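Engineer: next input, structure requested:
(2 chains)
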Number of protein chains: 2
Amino acid sequence: MLRVAILSVGDELVTGQTVDTNSAWLSQQLSAIGAAVVSHATVGDDQAMIESAIRRSAEDADAIVISGGIGPTEDDLTRQAVAAVLGTELELNEGWLAKLKEFWARRGAVMPEMNRIQAMIPRGATIIENTAGTAAGVRATLAGRVDLFSTPGVPKEMKVMFQRDVLPHLAARSAGAALVVRNLHTFGMGESAVAERLGTLMDRKRNPTVGTTVSGGIVSVRVYSKFESRSRALDELAATESLVRGALGNLVFGADDDVLQAVVAKLLAERKASVTTAESCTGGLVSKMLTDVPGSSAYFKQGWVVYANQAKYERLGVNLEMLNVYGAVSEPVATAMARNARRLAKADFSLAVSGIAGPDGGSATKPVGTVCIALAKAAAGAPRRFDDSEVLVRTFNFPGDREMIRDRSAKMALTLLRYELLGERAPF
Amino acid sequence: MLRVAILSVGDELVTGQTVDTNSAWLSQQLSAIGAAVVSHATVGDDQAMIESAIRRSAEDADAIVISGGIGPTEDDLTRQAVAAVLGTELELNEGWLAKLKEFWARRGAVMPEMNRIQAMIPRGATIIENTAGTAAGVRATLAGRVDLFSTPGVPKEMKVMFQRDVLPHLAARSAGAALVVRNLHTFGMGESAVAERLGTLMDRKRNPTVGTTVSGGIVSVRVYSKFESRSRALDELAATESLVRGALGNLVFGADDDVLQAVVAKLLAERKASVTTAESCTGGLVSKMLTDVPGSSAYFKQGWVVYANQAKYERLGVNLEMLNVYGAVSEPVATAMARNARRLAKADFSLAVSGIAGPDGGSATKPVGTVCIALAKAAAGAPRRFDDSEVLVRTFNFPGDREMIRDRSAKMALTLLRYELLGERAPF
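Structural biologist: Sure, this is the predicted structure:
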């Protein structure tokens, strides 16, 4: 099994100002190709410490993936440390220098002299191109045995470079090993409710193993299939995946890299349907998520953020008396918001959210976390009539702080729309 | 200065299923007492790897704090590894065994036999009591020089034990040395442009040291002040901070935990001013950020997401001919969006964003990343007239993918408003 060590560089990491999330992400990627991650190490911006960490990591590993320390400033010392460990010097890479100059030229500027260092790589090493930033990565071989990869610490840049240039190289080296992983994502039920539905599938002694993790309210079911051969591992993974899907049904919205908004976007596109939004407490988060997806103009034309009562009345014609009698956070108001937004936007569907995100504004009957979500669609028998809507409305009580409540509200709005598009009653 | 190494143990960490947040927390705690964290290391549940990680960490450190690997199951091997490195054996601690039995008895149960291992500690070591769980920690001295602490991996248990029994011990040892840290955040200029302005302040040999990190387009300037006494460290920090602020001026939007939207919210509140939004490519992200802040209803009442041209016309009265002649991504259109939204919402300020977030939709003259941002405010001499606006408009070219372009666009819109509220011309 290919053994890989991960090394992170940065003062902000050893002083605890930044939590290292790169190492966990890299580990997941490496596990997925059947490599064994033997260690993570983190050191500050200190050349001697970086060199010693590379040497130590090399003792137990066939490959080392380094992130961080290749910015343009004086405290970026990874490239110097890599050159020292390789026993060579830095030399200018004319190709990357030209790209750097181009990068600034496109912005109508001249490359600052200090960025010249980002075109220096150890003699004999290869550039790993960076399409999202100026720090090129480096690939080299240490002692004829250990693959050494140096990438930026900025997660976005590192991830693209790793998946494009590092992972395929390591996957080729680790061929034969067989761990395959699938993540199935759900939203709307808690981790223990999902685990209950999975029952004995979660037995620790089972292979493939089935486990759950939660992130941002999304409960993901991880299936790890470890077998001697890749084909066997894949077969067993497929069999277990189908048992998991059988237990959870449409609660599973996607697998692996799927994100909720893209899944909803795909369903809307397939049905050539459009959606509009009328948001109060989420303040634009639902429309932001709907437009996260490339090509979202196909199904999303406009939305309203009606934060104040006056705006709900002026923009969406929500009756002021209704606002006074029921309060803005109420099913009648959410219903009116969804219905009127649908009519004005002439959209097939409309999502409205009104709630108390806190920390203030809660009461005994409507505590912080109370959120009404309404989904308007064409009334039965009137598919092209935008002034005749049928509305589904639900009241939720989301836990957590302001950010969490807004996030869960937006995800739940998308989830209600997803169930609607699947033609199934949402189990919430 | 007391040098501390942090070691985390657990398969869930090296496989990336769990992000290690303990190390960052421990580092913050240790920095606060003036200790220098020299490295973080993480290994899986493998005794040989744990032993080797302890030995390596000991080379550069005066103390090692280990978390994880002291549960009751077969894959918990830290206590065995610690004993091996100390060159001794595990022996039963009768005192802790009695507490464990009591722990179960209080719950009306009998201690499972497998938990007996949790009362075993290396001969000559001291127990660190755990009041929140069954895994006792261990304190020992390695080679008469290195303090060794082993604590549980569960953050809640580890934190209590660390602060009660580990930190005071290390604080006493590190007495005299003091490290204080400040982070100053900027948005709008690249890391190298910020570094250029800082000039010789970034000299590596300086104390306090000044370094830069980037996250989400926000370039943060870190000041580290290390001196014998805390009061000297604080004085020197203040002196260097004021030099940094002098070099960067209002580019610095905040310090430490400050976030851009909260800083803008505070300025709006101080001036009793309100803002509205008219968003195309950001799809609601600007209004979402403005409403991230508790109490945002004081300055934000409503906003529009006008994604399609038709919506720009129908909702905000943007001239269809103007849309055809200049295109939606143009300064005249952004200007009209901002001006008309301000008039309709009767807000003091209005932010409009229209751009090409990609991946499609770019052209030779307007590549992906082209974003027009307009800020409308009352025309000079007409502070209460919402139909008479003065508009500042800028065109930017943001690098990166769709998510990055949208994020930078929203942050730039808030930044333009921040400069306006400070009464200063934005340097972009």
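
Engineer: only C-alpha atoms for contact and neighbour calcs from this point on.
Structural biologist: OK.

Engineer: skipping its backbone neighbours, what lies nearest A:Arg79 in space?
Structural biologist: Computed as CA to CA, 6 or more residues apart in numbering or on different chains, the closest residue to A:Arg79 that is not its neighbour in sequence is A:Ile70, at 6.3 Å.

Engineer: what about that neighbour, distance to A:Gln47?
Structural biologist: As judged by CA to CA, to the nearest Å, A:Ile70 and A:Gln47 stand 12 Å apart.

Engineer: more neighbours: the two, which one.
Structural biologist: A:Ile70 (26 against 21; other CA atoms under 10 Å in any protein chain shown).

Engineer: what residues does the more buried one make contact with?
Structural biologist: A:76-79, A:118, A:135-137, A:151-153 (CA atoms under 8 Å, 6 or more residues apart in numbering or on different chains).

Engineer: now the strands for the stretch 101-250 of chain A?
Structural biologist: For the stretch 101-250 of chain A, applying DSSP state E, counting those that start in this stretch gives strands covering A:120-122, A:126-128, A:137-142, A:146-151, A:179-187, A:209-215, A:218-226.

Engineer: now tabulate the ones you listed in a markdown table and tack on mean pLDDT, distance to B:Arg245 and mean neighbour count.
Structural biologist: Conversion of the strands of the stretch 101-250 of chain A to a markdown table gives the following (pLDDT from 0 to 100; distance: least, CA to CA, whole Å; neighbours: other CA atoms under 10 Å in any protein chain shown):
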| stretch | mean pLDDT | distance to B:Arg245 | mean neighbour count |
| --- | --- | --- | --- |
| strand A:120-122 | 94 | 32 | 24 |
| strand A:126-128 | 94 | 36 | 19 |
| strand A:137-142 | 96 | 32 | 21 |
| strand A:146-151 | 97 | 31 | 24 |
| strand A:179-187 | 88 | 45 | 22 |
| strand A:209-215 | 80 | 38 | 16 |
| strand A:218-226 | 86 | 41 | 23 |
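
Engineer: need those in CSV with distance to chain B, can you?
Structural biologist: Listed next are those as CSV, based on distance: least, CA to the nearest CA, whole Å:
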stretch, distance to chain B
strand A:120-122, 16
strand A:126-128, 17
strand A:137-142, 17
strand A:146-151, 15
strand A:179-187, 11
strand A:209-215, 8
strand A:218-226, 10
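
Engineer: using the three-state scheme, assign A:Arg425.
Structural biologist: What DSSP: H, G, I helix; E, B strand; the rest coil gives for A:Arg425 is coil.

Engineer: quick one: low-confidence ranges for the stretch 151-300 of chain A?
Structural biologist: Applying pLDDT under 70 to the stretch 151-300 of chain A flags the ranges A:175-178.

Engineer: returning to that earlier point: what is in contact with A:Ile70 and A:Gln47 at once?
Structural biologist: In contact with both A:Ile70 and A:Gln47: A:77-78, using CA under 8 Å, 6+ apart.

Engineer: quick one: mean pLDDT for the host helix or strand of A:Ala84?
Structural biologist: According to DSSP states H and E, A:Ala84 maps onto helix A:78-86. Averaged across helix A:78-86, the pLDDT comes to 97.

Engineer: which element follows that helix toward the C-terminus?
Structural biologist: With DSSP H and E, the next secondary element past helix A:78-86 is strand A:90-92.

Engineer: so what strands line up beside that next one?
Structural biologist: Strand pairing for strand A:90-92, determined by DSSP bridges: strand A:120-122 (antiparallel).

Engineer: picking up where we left off before, got the angle for the helix holding A:Ala84 vs strand A:146-151?
Structural biologist: Here helix A:78-86 runs at an angle of 170 degrees relative to strand A:146-151 (axes from the mean of the first three to the mean of the last three CA atoms, to 10 degrees).

Engineer: list the buried residues in helix A:78-86.
Structural biologist: For helix A:78-86, the neighbour count (16 or more other CA atoms under 10 Å in any protein chain shown) marks A:78-86 as buried.

Engineer: want to throw the strands of the stretch 101-250 of chain A into JSON lines with distance to B:Ser229?
Structural biologist: Listed next are those as JSON lines, based on distance: least, CA to CA, whole Å:
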{"stretch": "strand A:120-122", "distance to B:Ser229": "40"}
{"stretch": "strand A:126-128", "distance to B:Ser229": "45"}
{"stretch": "strand A:137-142", "distance to B:Ser229": "41"}
{"stretch": "strand A:146-151", "distance to B:Ser229": "38"}
{"stretch": "strand A:179-187", "distance to B:Ser229": "51"}
{"stretch": "strand A:209-215", "distance to B:Ser229": "42"}
{"stretch": "strand A:218-226", "distance to B:Ser229": "47"}
